[in-house]
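In: With the input below, show me the fold.
(chains A, B, C and D)
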There are 4 protein chains.
Amino acid sequence: MRKTISIGSDLRIGGGSFVVMAGPCAVESREQLCATADAVAESGAGLLRGGAYKPRTAPGSFQGLGAEGLDLLTEASRRTGLDVVTEVLDPRDVERVAQHAAVLQVGSRNMQNFPLLREVGRLRLPVLLKRGASATITELLHAADYILAEGNESIILCERGLRSFDSSTRYLLDLAAVPVLQQRTPLPVVVDPSHGTGHAAFVAPMAQAAMAAGADGVLVEVHANPDEALCDGQQALTPPRFAKLMSQLEQMAPLFGQRLSAPGRAQGAPALPKGPHASTTR
Amino acid sequence: MRKTISIGSDLRIGGGSFVVMAGPCAVESREQLCATADAVAESGAGLLRGGAYKPRTAPGSFQGLGAEGLDLLTEASRRTGLDVVTEVLDPRDVERVAQHAAVLQVGSRNMQNFPLLREVGRLRLPVLLKRGASATITELLHAADYILAEGNESIILCERGLRSFDSSTRYLLDLAAVPVLQQRTPLPVVVDPSHGTGHAAFVAPMAQAAMAAGADGVLVEVHANPDEALCDGQQALTPPRFAKLMSQLEQMAPLFGQRLSAPGRAQGAPALPKGPHASTTR
Amino acid sequence: MRKTISIGSDLRIGGGSFVVMAGPCAVESREQLCATADAVAESGAGLLRGGAYKPRTAPGSFQGLGAEGLDLLTEASRRTGLDVVTEVLDPRDVERVAQHAAVLQVGSRNMQNFPLLREVGRLRLPVLLKRGASATITELLHAADYILAEGNESIILCERGLRSFDSSTRYLLDLAAVPVLQQRTPLPVVVDPSHGTGHAAFVAPMAQAAMAAGADGVLVEVHANPDEALCDGQQALTPPRFAKLMSQLEQMAPLFGQRLSAPGRAQGAPALPKGPHASTTR
Amino acid sequence: MRKTISIGSDLRIGGGSFVVMAGPCAVESREQLCATADAVAESGAGLLRGGAYKPRTAPGSFQGLGAEGLDLLTEASRRTGLDVVTEVLDPRDVERVAQHAAVLQVGSRNMQNFPLLREVGRLRLPVLLKRGASATITELLHAADYILAEGNESIILCERGLRSFDSSTRYLLDLAAVPVLQQRTPLPVVVDPSHGTGHAAFVAPMAQAAMAAGADGVLVEVHANPDEALCDGQQALTPPRFAKLMSQLEQMAPLFGQRLSAPGRAQGAPALPKGPHASTTR
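Out: Numbering: from 1, shown residues only, chains lettered A, B, ... in the order given. Prediction:
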């Protein structure tokens, strides 16, 4: 029996509700975020993703806009009607980030940051928990147990690619993790083909493959202008490519017992024939 | 521009023709092979797979029936109308195996067995070249170059899973290899979800994901009685599960510009509404 | 030019001073800690290691004694004259742990816990930074940059094993990281053969190999009674085995331009002929 | 109880006899081979290594001189008194190569080339079996079983590095494989730090570490002029660097119960004080 998790006011994930979480890797500016958020809402995304606090390998890299980024996410959320999923890095920031997010993301580098897991476990917001780049399925489930142990049962697991010896892709996306996890837990499982491959050309094939493997959603990086992105531009889809992917996912969904879940689209109602929805164009 | 390869008298792979290669891991007996071959033909498979020479980790394991296994494959081929793909391990066996096969398989352990690659390169039979368990995409393409250098251009590349630290699956199936390879070579690319996951429960999701990622075919182990298999029984589908998978792939194919390719089914004609085909029920 | 770092009142590491950091994985009780601390001091260890806050894969595992464990470490330090290296997991605990430690350890799971790196960077205590289980050398150096960027230049890098597909050892100890790091940074480099192999039988060979590869120290788990350890007992040396390892390292050191560094042993003076030192036998 | 294997007329490996196998990656010319062979003999190497048949990733790379290379190896062997270890790739070449070699090498790409293992198993020459780049210890031992099953018990196992995600080194040298193998088999175990690291700068530290970990020998690439090598020049030591390494290994050996084994040096007699030996200085 698959678990269904409620997100925000009218979204669900799991048990036949497939959620596309889309947006830029990092919030860079009002202009960049709004252009991207409008586009993904227009194409039928279910949640707006975007990072205000970015974990970067080197200290000199762009680290995100922080609190200002959170405010911009809230603004974009009001504008598009899409709720927000955003990452929290520091246990001391959990409460602040939670005021701006419908889903709190714990990134792959923090999958075993146990103080952080405990903090997000104390809230009653859904948590998107990303698998570490060399974590086993069992370790991912134990990390989820840290959140559960604090009382938060709304956990969405995310496969986002493993460390690999082949530089053809940035990480090695372990799509078999989807059926493996579904055999071991009722929690929803989503896939991040953007980090998982690191190249825009491979994102749509792997997002489609994720749905075909049984995933409950995908996390897709979209940028209104990838060439100027401050972070991971080479893996971001342009809005037209994202729209094309959404259309393909819409067509595939019924074959896999799925319905794309998005605000304003009646849950459980048949998918609308066309991508753009009234509710996302306010 | 994708390359299409002709197999046997009336089969094609690549460029919109999707081939399901199905059958037992190893040829064990006439009874076992015929029961399985009949079942996969009935469900619409395109090629019969089965090993007469088996590369086994330990010398005490069942090593295949050898020449007797080749004869049984030929018999099963005549019975079902399905051409055969089977593995060759030793450069000294290439000519003999070629008399019984429409496609010669070079297994993952032999991806860099250069004398063997040169021998199969001298024939004009299609070669199914499996990626080594820790080979990069570039190394796989270089291995194909050894075959090409001898004049054989009919090469089908196969992703079958990489060595992994997580024992949840037997190997780590790298489905992103499909779009990566298609960006770098026009050769057809197929996926082996049976070895790639090692568990029957994960084969159908990953075969579907392979088609959704853009693959030109899949290699699926089927056994009439998996519990009694001499080799890899835990990853073999039963005939009913295989039939169900075929039905799902048939439904998916049009969404991905594919048509299931099988003997007796007019190439390029619309897929038949039901699985069983006249030519496979003699 | 190799960097030498001062630890506590009279210890140095790097540039020819080799430090053996030894003690239990976790502080379990006064009795356990004292018995182990006495033994490692007696054999000539340079620092006492022991965890008060333990990062454990599953929430139900023993998580360490916390503040009580820190007090016991301070007590054992006074008793033996050995300064303490202990792990800090939570940025909110850094100040407290720093009051009990001469070296703060950032564990492999936290190598990219950037808020924690920044906190330990604000102190002026040496930091032992462990390489993540799938981190590249470049990522390890970037993590050190986070500490450096806050002004703390006393960083000791530690190789402790990488994720591997072979369960013969718990991790795959990458000893070549020692010369690779020494080519790229003047910071001292130590090796943890206990976590790196996971089996007591392999600790001494790999500790010796670490010195032969050019390391500036080793981190060795010792337990007065490994069979009753609450954490990682199978990889702990008994005191007699540890004494034997120390004796072998003492003999090897001059061949590699090293001198074992321990409190009460004059820095730069020739190694004493026998293991036990006056200062550690009070 | 460790097994000792006799090589050629008067060399032994295992049980306290440590053999350094040195020479160029590939035999390129009489001049290159003789200059290198003279140098390694002069420094006290025990066996001359050099490839006549080279397994190369791409078909256009230099593939070795073949039969001509074997003749040159025999000539260099007569000149220096060093017996030869060289690789065989094709089961059809085993007899020919055996006429020129005291030890037959099966390379890492062929660790599971079962027809080749069976052929070398039928001879009574020692076999140097290299671990595959992603083979487990258990798989390596099973590969040795294929040789043993044919009656050849003179097997030397070789760790030469595993596939890795970190390009700092060419492979990831698994030195812990030495004590792990020694716990599971009495066969001698040697280490190849040249392929294992891929950079000349790291070869000496890792060769020393191999001895300190308990290995029975090392395989070291030496080239009289690395900058002009046709194959793997960046990992070859120059003769002076090799001489320096030999001197360090000579000094280390007694600490590890080892004696360097070389022709003309009385087996079991104390190591000579200086590197060059009468028998190698004609």
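In: And what about A:E139, helix, strand or coil?
Out: Three-state assignment for A:E139 (DSSP: H, G, I helix; E, B strand; the rest coil): helix.
In: pretty sure it contacts A:G132?
Out: Yes: when contacts are counted by Cβ atoms under 8 Å, A:E139 is listed as touching A:G132 (7.1 Å). Every residue, glycine included, has its C-beta placed from N, CA and C.
In: Which residue of the two possesses the greater neighbour count?
Out: Neighbour comparison, A:E139 and A:G132: the larger count goes to A:G132, with 25 against 17 (by other Cβ atoms under 10 Å in any protein chain shown).
In: Run a quick check on the more buried one versus A:H142, I expect a contact.
Out: No: at 11.3 Å, A:G132 does not count as touching A:H142 under the criterion of Cβ under 8 Å.
In: what does the stretch 101-250 of chain A put close to chain B?
Out: A:134, A:136-138, A:162, A:164-169, A:172-180, A:183, A:196-197, A:201-202, A:205-206, A:208-214, A:248 (Cβ under 8 Å from any Cβ of the partner chain).
In: can you do 6 Å?
Out: Selection of the stretch 101-250 of chain A residues close to chain B by Cβ under 6 Å from any Cβ of the partner chain yields A:136-137, A:166, A:168-169, A:172-176, A:179-180, A:197, A:202, A:205-206, A:208-209, A:212-214.
In: Distance check, the residue of the stretch 151-282 of chain A found nearest chain C against B:S164.
Out: Here the stretch 151-282 of chain A gets closest to chain C at one residue, A:R163, 4.2 Å apart by Cβ to the nearest Cβ. Distance from A:R163 to B:S164, counting by Cβ to Cβ, to the nearest Å: 11 Å.
In: Ok, A:A210 next?
Out: For A:A210 relative to B:S164 (Cβ to Cβ), the value is 19 Å.
In: the more surrounded of these two?
Out: A:A210 (30 against 25).
In: Using the three-state scheme, assign the nearest residue to A:T197 once chain neighbours are set aside.
Out: Spatial nearest neighbour of A:T197, chain neighbours left out: A:T169 (4.7 Å); criterion: Cβ to Cβ, 6 or more residues apart in numbering or on different chains. Using three-state DSSP, the structure places A:T169 in coil.
In: My understanding was that A:T169 contacts A:A200; is that so?
Out: No: the pair A:T169 / A:A200 is not scored as a contact, 12.0 Å apart, by Cβ atoms under 6 Å.
In: ends of stretch A:60-72, how far apart?
Out: End-to-end distance of stretch A:60-72 (Cα to Cα, to the nearest Å): 23 Å.
In: Determine how far that stretch lies from the middle of the whole chain.
Out: Chain-centre distance of stretch A:60-72: 18 Å, with Cα atoms, centre = their mean, to the nearest Å.
In: Stretch A:52-61 too?
Out: 19 Å.
In: After the helix or strand where A:T74 lies, which helix or strand is next?
Out: A:T74 is located in helix A:67-80, with elements delineated by DSSP states H and E. Remark: after helix A:67-80, the chain's next helix or strand is strand A:83-87, criterion DSSP H and E.
In: How about residues contacting that next one?
Out: For strand A:83-87, contacts defined as Cβ atoms under 6 Å, 6 or more residues apart in numbering or on different chains pick out A:8, A:21, A:47-49, A:51-52, A:73, A:77, A:101-103, A:105, A:107, A:128.
In: next one: stretch A:36-54
Out: Contacts for stretch A:36-54 (Cβ under 6 Å, 6+ apart): A:11, A:19-24, A:26-27, A:63-66, A:69-70, A:73, A:76, A:80, A:82-87, A:89, A:222-224, A:239, A:242-243, A:246, A:261-262, A:275-276, A:280.
In: Pull up the distance across that stretch, start to finish.
Out: Start-to-end, stretch A:36-54 (Cα to Cα) is 18 Å.
In: roughly how far out does it sit from the chain middle?
Out: Centre to centre, stretch against its chain (Cα atoms, centre = their mean), the figure for stretch A:36-54 is 9 Å.
In: what do you get for stretch A:239-250?
Out: With Cα atoms, centre = their mean, you get 16 Å for stretch A:239-250.
In: mind checking pLDDT for A:D10?
Out: Note for A:D10: predicted pLDDT of 86.
In: Can you get me a residue count around the residue in the stretch 1-150 of chain A positioned nearest to chain C?
Out: Proximity of the stretch 1-150 of chain A to chain C (Cβ to the nearest Cβ) peaks at A:S134, 3.5 Å away. Look at A:S134: counted by other Cβ under 10 Å, it has 22 neighbours.
In: How many residues are close by the residue of the stretch 151-282 of chain A closest to chain C?
Out: 21.
In: Next one: it relative to B:G214, how far apart?
Out: Taken as Cβ to Cβ, the span from A:R163 to B:G214 is 24 Å.
In: so the residue nearest to the spatial centre of chain A bridges to which residues?
Out: Closest to where the C-alpha atoms of chain A average out (Cα atoms, centre = their mean) is A:L219, at 3.6 Å. Beta-bridge partners for A:L219, by DSSP bridges, are A:M21.
In: Narrow the residues of the stretch 101-250 of chain A next to chain B to those in strands?
Out: Within these, no residue falls in strands by DSSP state E.
In: Kindly report the residues of chain A close to chain C.
Out: Proximity of chain A to chain C, by Cβ under 6 Å from any Cβ, involves residues A:55, A:57-59, A:90, A:109, A:112-115, A:133-134, A:139, A:142, A:145-146, A:149, A:163.
In: Can you select the buried ones from the residues you listed in PyMOL?
Out: Remark: buried members of the residues of chain A next to chain C, expressed as a PyMOL selection using 16 or more other Cβ atoms under 10 Å in any protein chain shown:
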select buried, chain A and resi 55+57+59+90+109+112+113+114+115+133+134+139+142+145+146+163
